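# below is the sequence, then the predicted model.
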Amino acid sequence: MSFFGFSKKTPIEYLIAGLGNPGEKYTRTRHNAGFMALDYISGRSEIQVKQLKHMALVGKGTLGGKSVMLMKPQTYMNKSGEAIADAANFYKIPPENVIVIFDDISLEPGQLRIKRKGSDGGHNGIKSIIEHIGEGFPRIKIGIGAKPHPDYELADYVLSKLTSSEYSKISADFDKIYSALEHIINGEIDKAMNICN
């Protein structure tokens with residue numbers, strides 16, 4: 001038995017990952033919306049996400065009556081799939097039980113979208129996950145708004161800080177995300193979509 005009660009025998013039913021980049025300089029940047037949502041979920045579920053394992057900060061506990069692992073990959077966004085696949089393989093979690101929360105520039109701040117599966121939509125974190133476990137995982141997209149100008153570099157935009165107004169709109173949806181997660185892990189993804197889409 002390892003630290004925090006983790007062991008290979010611990011049955012983890014669902015892996016819930018919020019995507020972002022580690023480090024103080026990325027705090028409250030648009031690309032870290034997934035990390036922010038996971039911090040809220042961690043606090044509300046009282047699952048501490050502090051153990052460094054599977055190239056990520058992780059914590060194990062119960063959410064919606066199921067045994068879950070919360071995860072914040074520490075690989076940087078473009079290699080998120082390495083951390084997620086490492087944990088999914090270790091605990092034998094199928095892709096349909098891996099739920100990924102991340103930022104989406106096609107949605108405005110305050111908008112959410114849930115999909116059962118799909119392509120990467122140009123998101124490098126999702127691209128990495130698909131490369132490692134396939135595209136059959138549910139995902140929760142958090143709107144961060146489109147680039148302010150077509151010539152604006154996408155990398156510069158997603159790594160820029162949210163305004164206080166944008167942060168307020170995004171964080172106001174974390175309660176909805178939590179409720180949606182409870183439905184998804186209980187096989188009610190349609191109800192989750194009704195809440196968020």
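All right, it came through fine. Numbering: from 1, shown residues only.
# for the chain, which segments count as strands?
14-18, 51-53, 56-63, 66-73, 98-104, 112-115, 139-143 (DSSP state E).
# name the helices or strands packed onto the first one?
In this case it means strand 14-18. helix 33-45, strand 56-63, strand 66-73, helix 80-91, strand 98-104 (3 or more CB pairs under 8 Å, 6 or more residues apart in numbering; DSSP states H and E). For the C-beta atoms, the positions are set from N, CA and C on the backbone; glycine is no exception.
# make CSV out of the ones you listed and add distance to residue 115, mean neighbour count and mean pLDDT.
CSV is the format used below for the helices and strands packed on strand 14-18 (distance: least, CB to CB, whole Å; neighbours: other CB atoms under 10 Å; pLDDT from 0 to 100):
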stretch, distance to residue 115, mean neighbour count, mean pLDDT
helix 33-45, 15, 21, 98
strand 56-63, 20, 20, 97
strand 66-73, 19, 24, 97
helix 80-91, 17, 22, 97
strand 98-104, 10, 25, 98
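# want to try CSV for these, with distance to residue 121 as columns?
Putting the helices and strands packed on strand 14-18 into CSV (distance: least, CB to CB, whole Å) gives the following:
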stretch, distance to residue 121
helix 33-45, 14
strand 56-63, 22
strand 66-73, 18
helix 80-91, 14
strand 98-104, 7
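# for the residue nearest to residue 65 when sequence neighbours are not counted, give its distance to residue 17.
Nearest non-adjacent residue to residue 65, counting by CB to CB, 6 or more residues apart in numbering: residue 186, 7.2 Å away. Per CB to CB, to the nearest Å, residue 186 is found 19 Å from residue 17.
# so which of those two has more stuff around it?
Between residue 186 and residue 17, counting by other CB atoms under 10 Å, residue 17 is the more crowded of the two (30 against 13).
# hmm, residue 81 and that one touching each other?
No: taking CB atoms under 8 Å as the definition, residue 17 is not a contact partner of residue 81, at 10.0 Å.
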